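*Asks:* Provided below for reference: sequence and predicted model.
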Amino acid sequence: MYVAVKGGERAIENAHAWLAEERRGNTDIAELSIAQIREQLSLAVNRVMAEGSLYDPDLAALAIKQARGDLIEAIFLIRAYRTTLPRFGASEPVDTGAMACNRRISATFKDLPGGQVLGPTFDYTHRLLDFKLAADGDPPKAPTRDAQLGDVPHVTEFLNREGLIEEATHDDTPPPDLTREPLEMPADRALRLQALTRADEGFTLGLAYSTQRGYGRNHAFVGELRIGSVPVEMEIPELGFAIEIGEVTLTECETVNQFTGSKTEPPQFTRGYGLVFGQTERKAISMALVDRALRWEELGEDNVGAPAQDAEFVLYHADNIQATGFLEHIKLPHYVDFQSELELVRKLRREAEAQQLQEAAE
Amino acid sequence: MNDYNFAYLDEQTKRMIRRAILKGLAIPGYQVPFASREMPMPYGWGTGGVQVSAAVLTPEDTFKVIDQGADDTTNAVSIRTFFQRTAGVATTTATRDATVIQTRHRIPEEPLTEGQILVYQVPIPEPLRFLEPRESETRKMHSLEEYGLMHVKLYEDISRHGHIATSYAYPVKVEGRYVMDPSPIPKFDNPKLGEMAAIQLFGAGREQRIYALPPYSQAVSLDFEDHPFEASKADHPCGMCGAVDSYLDELIVDDAGRRMFVCSDTDYCEARQAAGHKGKDAA
């Protein structure tokens, strides 16, 4: 006997209660604190801040805890929260030349002003599980030295002096705001970079990798990769001048790409650019490669039909919150549409069978 | 939930959405880009519809939410609860008592009246999307009223299957101008789109589009003279209320795979049962 399904509300409440219990796990094990996540899972926190487009390590840590470590879910929590925040204004552009770098490397010059600073990198670790971490114990103290003061010039500036690299044009037009205006094509570079900096790390990585393997190859050198903190300044209308309101950690990657010249430009190097919140190196490099691939048109290069060259394809599919939402929605009820398809398929089959019978009879 | 503005969105955002709605009403069937916000439910769960509802709801409104025609499907429950919490509006399951109805995949069976607003959740607003994946191209096709591709697709269906093989999200031409996706409603519901007394608003959150049908607009399902449009449904009466004119869900009721058909519109079915109508499977 069929009874119409009722009690959806109670089912939802119960599911949420169960979820909360599962999130906590075995209560004999000490609960994670927000501070522990912020301090010890900082690269996860950085990714959530970058793709959530909100610089707040504590909120990102809270989101990670609430999302049971599902980073896309955590990014979603941050995005949804971010939407509700009032907007006071825009900061001055940050000056990454004034960055207090804790990592700065160049793959194009052995030495350069500011030096090569490896910083806290996994690069040369041997990927051997460290079983000591399974037990308690503080790590040995890292040696220190005095910080270098003063600005660290960008590598590309040195190339620029010789005219070897394309001029980075200065443009004071306020950039469009992806979070306040609908994304429309064609998208200028400022808008593309905005979309890429919050794009899914995995998707961006895959696209960047595809350019390296020949799908829109642009042979990138990492001219420079730097990670560190920069001050954020904002002009307060009542004061009439900019004051420092805080600082953020950024990862910046500038690639130097081969370019053989076009009808209008002599052979020179070209640029790809990546700038991402937090220590997010893989993402920043990927972003720079994809940025460069998307610039084929302005540089007069051929469109070889590579996915990474297709701005519409890249930008409409790079946002993991949009992607996961639409992907996962197919688990919601579709009884009605499925019913209409059932009727259609039955009808088509009936007719096909009737036709076969008729043909057999003839 | 006093921390949030009435109906969750801030007033500036609501104004932006209302402007898009007004533009949509002024150009029936035209997809208006709008700066869709990230909502506290996932894209694909009805964020477009929720934003449109948030923009049109007033404290005096009575709100109804259906998903697959039913008030008690989980996501309908979730969206109704969301507006109960953030807007404190009265809610109802009775179609005639509602002033704003948010829907996913159905149009209520009971004809809507002037003064009501029907808000559709839309996954892919672009009727040409599966013929041409590029937004830049499809917008051009709409501006030039270049709908030949759509007719070719429908014609190919007929030549292959003998029928137009689109059973839901069946495209309509609005006021002789724009071809519009009515959202994934079954084509059974298509005839209700045109000449409807209520305002129809369509919100696509992820795709950042709003479009609209003002009351009594013309919305004609695409077809051919020799293959006229046909609204179809399962050829059964409702097992619970006996209705022969309503869209039906098909249920599998035992291990032998026995089927039962019941109204997808739960309010319609319950009202008929309360009025004494009885189907063959009713207790």
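*Replies:* Received the coordinates, thanks. Residues are numbered from 1 along each chain as shown, chains lettered A, B, ... in the order given.
*Asks:* helices of the chain, residue ranges please.
*Replies:* Just going to use chain A. A:8-24, A:34-40, A:42-52, A:57-66, A:71-83, A:155-161, A:189-197, A:201-212, A:281-294, A:311-317, A:320-328, A:335-361 (DSSP state H).
*Asks:* oops, wrong one, chain B.
*Replies:* B:11-26, B:47-56, B:74-87, B:135-143, B:148-161, B:190-193, B:266-274.
*Asks:* okay, now the unreliable bits of chain B?
*Replies:* For chain B, the stretches with pLDDT under 70 are B:1-3.
*Asks:* closest one to A:Y316 among the helices of chain B?
*Replies:* Closest to A:Y316 of the helices of chain B, according to Cβ to Cβ: helix B:135-143, at 7.2 Å. Every residue, glycine included, has its C-beta placed from N, CA and C.
*Asks:* and the closest one, what does it pack against?
*Replies:* helix A:311-317 (3 or more Cβ pairs under 8 Å, 6 or more residues apart in numbering or on different chains; DSSP states H and E).
*Asks:* nearest to chain B: which residue in the stretch 101-250 of chain A?
*Replies:* A:P182 (4.0 Å; Cβ to the nearest Cβ).
*Asks:* right, and that residue touches B:R206 too?
*Replies:* No - using Cβ atoms under 8 Å, A:P182 makes no contact with B:R206, being 11.0 Å away.
*Asks:* which residues are in contact with each of those two?
*Replies:* Residues touching both A:P182 and B:R206 (Cβ atoms under 8 Å, 6 or more residues apart in numbering or on different chains): B:S36.
*Asks:* mind listing the strands for the stretch 101-250 of chain B?
*Replies:* Counting by DSSP state E, counting those that start in this stretch, one finds strands in the stretch 101-250 of chain B at the ranges B:117-121, B:172-174, B:178-180, B:199-204, B:209-213, B:219-221, B:248-252.
*Asks:* what sits against the closest residue in space to B:A98 that isn't next to it in sequence?
*Replies:* Once flanking residues are discounted, B:A98 sits nearest to B:K64: 3.6 Å by Cβ to Cβ, 6 or more residues apart in numbering or on different chains. B:K64 is in contact with B:71, B:80, B:91-95, B:97-98, B:100-102, B:267, counting by Cβ under 8 Å, 6+ apart.
*Asks:* who wins for neighbours among those residues?
*Replies:* B:Q102 (28 neighbours; other Cβ atoms under 10 Å in any protein chain shown).
*Asks:* and that one, how close does it get to chain A?
*Replies:* The gap separating B:Q102 from chain A is 14 Å, by Cβ to the nearest Cβ, to the nearest Å.
*Asks:* I'd say that residue and B:I79 touch.
*Replies:* Yes - contact status for B:Q102 versus B:I79: in contact at 6.3 Å, counting by Cβ under 8 Å.
*Asks:* which phi and psi does residue 30 have?
*Replies:* You didn't pick a chain, so chain A it is. phi -60, psi 140 (degrees, to the nearest 10).
*Asks:* chain B is the one I meant
*Replies:* B:Y30 adopts backbone torsions of phi -80, psi 140, taken as degrees, to the nearest 10.
*Asks:* and the stretch 51-200 of chain B, which residues reach chain A?
*Replies:* B:67-69, B:72-78, B:81, B:105-106, B:123, B:134-136, B:161-163, B:165, B:167-169, B:184-188 (Cβ under 8 Å from any Cβ of the partner chain).
*Asks:* where among the helices of chain A is the average confidence lowest?
*Replies:* Of all the helices of chain A, mean pLDDT reaches its minimum on helix A:155-161 (a mean of 85).
*Asks:* which of the residues in it are buried?
*Replies:* Neighbour-count burial for helix A:155-161, counted by 16 or more other Cβ atoms under 10 Å in any protein chain shown, picks out A:V155, A:T156, A:F158, A:L159, A:N160.
*Asks:* contact partners for B:E114?
*Replies:* Counting by Cβ under 8 Å, 6+ apart, the residues that B:E114 touches are B:A197, B:A198, B:P215.
*Asks:* kindly report the same for A:H329.
*Replies:* Contacts of A:H329 (Cβ under 8 Å, 6+ apart): B:P42, B:Y43, B:G44, B:W45, B:P123.
*Asks:* gap between it and A:E9?
*Replies:* 21 Å (Cβ to Cβ, to the nearest Å).
*Asks:* re earlier: buried ones among the residues of the stretch 51-200 of chain B next to chain A?
*Replies:* Listed as buried from those are B:67-69, B:72-78, B:81, B:105-106, B:123, B:134-135, B:163, B:165, B:167-169, B:184-188; burial here means 16+ other Cβ under 10 Å.
*Asks:* pull up the residues of the stretch 251-362 of chain A that are close to chain B.
*Replies:* By Cβ under 8 Å from any Cβ, the residues of the stretch 251-362 of chain A that approach chain B are A:312, A:316, A:321-322, A:324-330, A:332-337, A:339-344, A:347-348, A:351.
*Asks:* mind running it again at 7 Å?
*Replies:* Residues of the stretch 251-362 of chain A that fall close to chain B, judged by Cβ under 7 Å from any Cβ of the partner chain: A:312, A:321-322, A:325-326, A:328-329, A:332-333, A:335-337, A:339-344, A:348, A:351.
*Asks:* count of neighbours near B:M260?
*Replies:* Neighbour tally, B:M260, other Cβ under 10 Å: 20.
*Asks:* verify the stated contact: it with B:L251.
*Replies:* Yes - using Cβ atoms under 7 Å, B:M260 is in contact with B:L251, at 4.8 Å.
*Asks:* now tabulate the helices of chain A in CSV and tack on distance to A:L133.
*Replies:* Listed next are the helices of chain A as CSV, based on distance: least, Cβ to Cβ, whole Å:
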stretch, distance to A:L133
helix A:8-24, 23
helix A:34-40, 11
helix A:42-52, 15
helix A:57-66, 19
helix A:71-83, 21
helix A:155-161, 36
helix A:189-197, 32
helix A:201-212, 24
helix A:281-294, 22
helix A:311-317, 37
helix A:320-328, 29
helix A:335-361, 50
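*Asks:* and among those, the most buried is which?
*Replies:* helix A:281-294 (a mean of 26; mean count of other Cβ atoms under 10 Å in any protein chain shown).
*Asks:* excluding its backbone neighbours, what's nearest residue 8?
*Replies:* You didn't pick a chain, so chain A it is. B:V77 is the one closest to A:G8 (Cβ to Cβ, 6+ apart), at 4.1 Å.
*Asks:* meant chain B, my bad for not saying
*Replies:* Per Cβ to Cβ, 6+ apart, closest to B:Y8 is B:T86, 4.2 Å.
*Asks:* what's the spacing between that neighbour and B:P59?
*Replies:* Taking Cβ to Cβ, one finds B:T86 at 12 Å from B:P59.
*Asks:* out of the two, which sits in the busier spot?
*Replies:* Set B:T86 next to B:P59 and count neighbours by other Cβ under 10 Å: B:T86 wins out with 21 against 10.
*Asks:* that one touches B:D10, doesn't it?
*Replies:* No - in this structure, B:T86 is not within contact of B:D10 by Cβ under 7 Å, at 11.8 Å.
*Asks:* columns mean neighbour count on top of the strands of the stretch 101-250 of chain B, output as CSV?
*Replies:* Shown next, in CSV, are these (neighbours: other Cβ atoms under 10 Å in any protein chain shown):
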stretch, mean neighbour count
strand B:117-121, 26
strand B:172-174, 23
strand B:178-180, 22
strand B:199-204, 27
strand B:209-213, 28
strand B:219-221, 20
strand B:248-252, 18
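*Asks:* could you dump those strands to CSV with distance to A:Y215?
*Replies:* CSV is the format used below for the strands of the stretch 101-250 of chain B (distance: least, Cβ to Cβ, whole Å):
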stretch, distance to A:Y215
strand B:117-121, 36
strand B:172-174, 40
strand B:178-180, 35
strand B:199-204, 31
strand B:209-213, 31
strand B:219-221, 42
strand B:248-252, 45
